[in-house]
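Asks: Sequence plus predicted model, see below.
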Amino acid sequence: MVEENLQRFSDLAISMGAVDAKIIKADQIVVKKWVSWKCHFGCNSYNRSLMCPPYTPTPEETQELLKEYEYALLFRHKPSASKALVVELERSIFLEGYPAALGFASGSCHLCEKCNYEVGYCLKPFEARPSMESCGISVFDTASNSGYDIQVIKSKEQEYLRYGLILIK
């Protein structure tokens, strides 16, 4: 079975620094318009990063993209873990024979001191990935659909985990 064959990517994610990981069906990924609206009204990276709206794909474009995939790797990592984890996992999965592997980070991109959005192209395209949220993916609903117990963080002192996602085809 394909799903069992893909399980090795969960182990790979953990060996690379993820706290845990699981293979999910692509139809468990929830896309909602309100998610990218939260970026617009509530995030200071809106219109200031090429990895955030309005430069990232719309929720409608994301929904269309997801129709091309059957599986994804959803993983959690500590905030201190490098955002490069998404890119490294994407590349490893690509090299395993999945050329359509596509990664999404969570939260804003902070690779550059100032994003090159005014010029219109990313200075670090091999390192940067859009956030799930920026493309309309509801991390909360997707994590819940996948069996994770995800809660709203109520203070900056509270510990939390970030999520990453790699689409696999």
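Replies: Alright, I've got the coordinates.

Asks: any idea whether the residue nearest in space to the middle of the chain is helix, strand or coil?
Replies: Centroid check for the chain by C-alpha atoms, centre = their mean gives Phe104 as the closest residue, at 2.6 Å. Going by DSSP: H, G, I helix; E, B strand; the rest coil, the secondary structure assigned to Phe104 is strand.

Asks: check contacts around it.
Replies: Applying C-beta atoms under 8 Å, 6 or more residues apart in numbering to Phe104 gives the contacts Val86, Arg129, Pro130, Ser131, Met132, Cys135, Ile137, Gly164, Leu165, Ile166, Leu167. Bear in mind the C-beta positions are built from the backbone N, C-alpha and C, glycine included.

Asks: The closest residue to Val86 other than its chain neighbours: neighbour count?
Replies: Of all residues not flanking Val86 in the chain, Gly103 sits nearest, at 4.2 Å (C-beta to C-beta, 6 or more residues apart in numbering). Here the count is done by other C-beta atoms under 10 Å, and Gly103 has 22 residues near it.

Asks: Now for Gly103: which residues touch it?
Replies: Per C-beta under 8 Å, 6+ apart, neighbours of Gly103: Val86, Val87, Leu89, Glu90, Arg129, Gly164, Leu165, Ile166, Leu167.

Asks: quick one: the second one and Phe126 touch, right?
Replies: Meaning Val87. Yes. Contact criterion C-beta atoms under 8 Å: Val87 and Phe126 qualify, at 7.1 Å.

Asks: follow-up on the earlier one: now intersect the contacts of Phe104 with the strands, please.
Replies: If you go by DSSP state E, the contacts of Phe104 have Gly164, Leu165, Ile166, Leu167 in strands.

Asks: just checking, the first one touches Val87?
Replies: Yep, that's Gly164 we're talking about. No. Using C-beta under 8 Å, Gly164 is not in contact with Val87; the gap is 9.7 Å.
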